[in-house]
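Student: this one's structure only:
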Ligand code: SPV
Ligand code: MN
């Protein structure tokens, strides 16, 4: 079933492990055809065409744009069916879904038998992190979904040549995905959705799903493998954006930032006037006393809700211009134009195609609630080469030097908009104690305050105490220790209204950049350093042309000691039964006694 050209491409790799894996999964999944894709533009163009021919994607009116629907039950990451396979139990210190390895492998292999019948298996090679770099991890992907193969092409660096050139050909992550049977282009056997991550062999098996957070192995599934690998090798893999912040006099400082899903991470990475290196996942390593980081990806799988000309101008412009973009789970008008929640563009009165079927304004769900124009977790997939704000260092094999780390969360009543940690260790405490109200990025109830250490809890594949120890240790032997900040874009006033405009985040980040270089004094409080009104006032005037009043400042930056105390008491409880490092305990106790 493999054509001559594909067979030749496989052979040219001269890689017994690749050949054996392809062979084994062809036997198991029984595709009708096998197509091997190299790094050539023609091969990649072909994948895009097949995604359309197969009905997983459809062209839109704008050149290069396509749309895709996931099924109504496949709109977000399925945490329940995402399992870490373990040969022996591990006490992670937090709730995570695991499964006995041999049981999991045998179950998934049964479910995968003949799963690609009548379909084509695409064999793709990628590179996580820049190619030709100490950060690079090779990835072999088998999938029967041209949508997945196409998405990965927008999101990841091509890796066929990297496999060919590599001096460690056997060393790669391995992914098998099958959407299983499709009905009208979406997954039929959603009840048999399984996402299994095998840390022992650094492999992932994911079936009966299409939502990219579940299906695109190279995203959060590879990320879990990378976290485990980083732990063994002494570097960090983090759920962080990477941003080049442009300070005064052409000064550039690179910031990494961890925010839970759907809490402003991508829009921080796209703050106007700055340069994005990445919006979701980084690898970080130390070199000559400095932390360097790279974007593992080279594209954005971003939430489209509230992307509009005013709040997210860079991405809005890209989404409304020609170029290769996949829209998922948005409304499609009869003129083949996409509409989404919070775009500030009215959808057509006659409605259009929707992930739930045909949709008209005012349609109600089973609970008589209006069905929104697009799913709250509807997304766009775009390669960073199509964005005007991409940092020139994106593909640098050396990575970029880190000046600061930012932690964010969705917090309506406690945290000030921006705060600087007292030290690296205090920063680790603040990262470990990120709390956030749940969002539509995962299946389940929204708006519940949950503890999400380093915004990474869904992905951590080692005990939390060790993960925190790794963070504490990472600052050892550095001659440039990054400053740590916490931001909160979601503070509300007594009337339940947000106290800030979306673009205010630019000011918090520019203030933080100034602090890195000693440009501003700050006020020491019990919870960290906060900005002075006069400095913010200048920044607001210069960068947003806004008068930032003392009254606004006081509302936003007053330290809600009662709420903060409650937060830190919650954290004391959350960590009570975990054997955390002493340095962490000391920071936690010190924080509590300062507040008390
Ligand atoms: C997230 O939910 O954090 C994402 C999207 O970045 S995905 O993990 O791919 O679902
Ligand atoms: Mn993410």
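Tutor: Yes, it's here. Predicted model only: the values in this text are computed from it and were never measured. Residues are numbered from 1 along each chain as shown. Ligands and ions are numbered 1, 2, ... in the order given.
Student: dump the residue contacts of the closest residue to residue 175 other than its chain neighbours.
Tutor: When the adjacent residues along the chain are set aside, residue 175 lies closest to residue 217, with 3.1 Å between them (C-beta to C-beta, 6 or more residues apart in numbering). Placement of C-beta: from N, CA and C, glycine included. Taking C-beta atoms under 8 Å, 6 or more residues apart in numbering as the contact definition, residue 217 lies against 139, 141, 143, 173, 175, 176, 177, 204, 206.
Student: okay, now the second one: neighbour count?
Tutor: By the measure other C-beta atoms under 10 Å, the count of residues near residue 141 is 25.
Student: cool, the first one as well?
Tutor: When neighbours are defined as other C-beta under 10 Å, residue 139 has 26 of them.
Student: can you check the fifth one too?
Tutor: Per other C-beta under 10 Å, the neighbour tally for residue 175 reads 27.
Student: And the fourth one, by the same measure?
Tutor: Close neighbours of residue 173, defined as other C-beta under 10 Å, add up to 22.
Student: ok, the contacts of residue 217 vs ligand 1, which is closest?
Tutor: Among the contacts of residue 217, residue 206 lies closest to ligand 1 (C-beta to the nearest ligand atom), at 11.9 Å.
Student: What strand or helix carries that closest one?
Tutor: Element membership for residue 206 (DSSP states H and E) is strand 203-207.
Student: Please identify the residue of the chain positioned nearest to ligand 1.
Tutor: Closest point on the chain to ligand 1, by C-beta to the nearest ligand atom, is residue 213, at 2.1 Å.
Student: out of everything not next to it in sequence, what's closest to residue 190?
Tutor: residue 73 (5.0 Å).
Student: Would you agree the one you found falls within a helix?
Tutor: No: read with DSSP: H, G, I helix; E, B strand; the rest coil, residue 73 is coil and lies in no helix.
Student: Could you name the helices and strands sitting against the helix or strand containing residue 508?
Tutor: Using DSSP H and E, the element containing residue 508 is helix 505-516. Applying 3 or more C-beta pairs under 8 Å, 6 or more residues apart in numbering; DSSP states H and E, one finds that helix 505-516 makes contact with strand 240-246, strand 252-258, helix 265-269, strand 400-409, strand 418-420, strand 483-488, helix 533-544.
Student: In TSV: the ones you listed, plus mean neighbour count.
Tutor: Shown next, in TSV, are the helices and strands packed on helix 505-516 (neighbours: other C-beta atoms under 10 Å):
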stretch	mean neighbour count
strand 240-246	25
strand 252-258	23
helix 265-269	25
strand 400-409	25
strand 418-420	25
strand 483-488	25
helix 533-544	17
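Student: Point out the one among the ones you listed that comes closest to ligand 2.
Tutor: Closest approach to ligand 2 among the helices and strands packed on helix 505-516 (C-beta to the ion): helix 265-269, 6.7 Å.
Student: Show me the helices in the stretch 101-250 of the chain, by range?
Tutor: 101-112, 146-155, 160-165, 212-215, 222-233 (DSSP state H, counting those that start in this stretch).
Student: The stretch 301-450 of the chain too?
Tutor: 313-319, 424-432.
Student: mean pLDDT lowest for which of those helices?
Tutor: The stretch with the lowest average pLDDT out of the helices of the stretch 301-450 of the chain is helix 313-319, scoring a mean of 92.
Student: right, and residue 529 touches residue 422 too?
Tutor: Yes: between residue 529 and residue 422 there is a contact at 7.3 Å, judged by C-beta atoms under 8 Å.
Student: who touches both of these two?
Tutor: Common neighbours of residue 529 and residue 422, using C-beta under 8 Å, 6+ apart, do not exist here.
Student: now the helix holding residue 508, how far from the chain's geometric center?
Tutor: 23 Å (C-alpha atoms, centre = their mean, to the nearest Å).
Student: Ok, stretch 209-225 next?
Tutor: Offset of stretch 209-225 from its chain centre (C-alpha atoms, centre = their mean): 10 Å.
Student: do stretch 517-534 as well
Tutor: Here stretch 517-534 is found 30 Å from its chain centre; the criterion is C-alpha atoms, centre = their mean.
Student: cool, and stretch 308-317?
Tutor: That offset, for stretch 308-317, works out to 20 Å (C-alpha atoms, centre = their mean).
Student: same check, this time on stretch 467-477
Tutor: 23 Å.
Student: buried stuff in that stretch?
Tutor: Neighbour-count burial for stretch 467-477 flags 467, 468, 469, 470, 471, 472, 474, 475 (criterion: 16 or more other C-beta atoms under 10 Å).
Student: Quick check: of these, which lies closest to residue 67?
Tutor: residue 467 (38.2 Å; C-beta to C-beta).
Student: wait, is the closest one part of a helix?
Tutor: Yes: with three-state DSSP as the criterion, residue 467 is part of a helix.
Student: and the residue lying closest to it once chain neighbours are set aside, what is it in contact with?
Tutor: Distance criterion C-beta to C-beta, 6+ apart; nearest residue to residue 467, sequence neighbours excluded, is residue 460 at 5.5 Å. By C-beta under 8 Å, 6+ apart, residue 460 lies in contact with 92, 94, 96, 227, 453, 454, 467.
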